[in-house]
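[1] Next input, structure requested:
(one chain, ligands or ions: 1)
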Amino acid sequence: THVVGEACIGCKYTDCVAICPVECFHEGPNFLVIDPEVCIDCGVCVAECPVEAIFDEKDLPESQKEYVELNIRLTKEWPLITQSKEPLPEAESWAEKEGKREHLVE
Ligand code: F3S
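    Numbers count the residues shown, from 1 in each chain. Next comes the predicted model:
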């Protein structure tokens, strides 16, 4: 499966949603996740994300392994998103930040 990682936090560009051929993205307040049971592993979203937040699970950096479980868990809690929308207002400044995990709003 593919996994949304830390770089998405605070940005939510949603270009990934527009390109996804299935409906696998779920939306929280400042982050998106991928439903691993729906994702067909096509990988088109990887190149589409302006902040390179999405990884094939096998390519996920060691420091972001926690995001596998986060995507599974939050998919069940958050609604489906099927159309792209405007990024979060502060997306550009959040795009530069590192260590955003503590800012993930559930
Ligand atoms: Fe997030 Fe990138 Fe999609 S910032 S909403 S994973 S395009």
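
[2] make it CA atoms for all contacts and neighbour counts henceforth
    Noted.

[3] what comes into contact with the helix ranked longest in the chain?
    Looking across the chain with DSSP state H, the single longest helix is helix 66-77. Under the criterion C-alpha atoms under 8 Å, 6 or more residues apart in numbering, residues 3-6, 25-26, 33-36, 57, 106 lie in contact with helix 66-77.

[4] And the helices in the protein, which stretches?
    Under DSSP H, the chain gives helices at 15-19, 44-48, 66-77, 91-96.

[5] of all those helices, which gets the most neighbours per residue?
    helix 15-19 (a mean of 20; mean count of other C-alpha atoms under 10 Å).

[6] how distant is it from the center of its chain?
    10 Å (C-alpha atoms, centre = their mean, to the nearest Å).

[7] Pull out the CA atoms of that helix and give them to me as PDB.
    Taking Å, rounded to 0.1, in the frame of the first residue of the first chain, the C-alpha atoms of helix 15-19 are listed here in PDB:
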ATOM      1  CA  ASP A  15      -3.500  17.100  -5.500                       C
ATOM      2  CA  CYS A  16      -3.200  13.400  -4.500                       C
ATOM      3  CA  VAL A  17      -7.000  13.200  -4.300                       C
ATOM      4  CA  ALA A  18      -7.500  14.600  -7.800                       C
ATOM      5  CA  ILE A  19      -5.200  12.100  -9.400                       C
END
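
[8] And the average pLDDT for that helix is what?
    Averaged over helix 15-19, pLDDT sits at 98.

[9] could we number from 39 for the rest of this?
    In the new count, where the first residue is 39, that last one comes out as helix 53-57.

[10] got a list of what Ile47 touches?
    Ile47 touches 68-70, 132, 138-139, 141-142, counting by C-alpha under 8 Å, 6+ apart.

[11] State the phi and psi torsions of it.
    phi -60, psi 130 (degrees, to the nearest 10).

[12] ok, and does stretch 85-94 reach over to the ligand?
    Yes: counting by C-alpha under 6 Å from any ligand atom, the ligand is contacted by stretch 85-94 at 87-89, 91-92.
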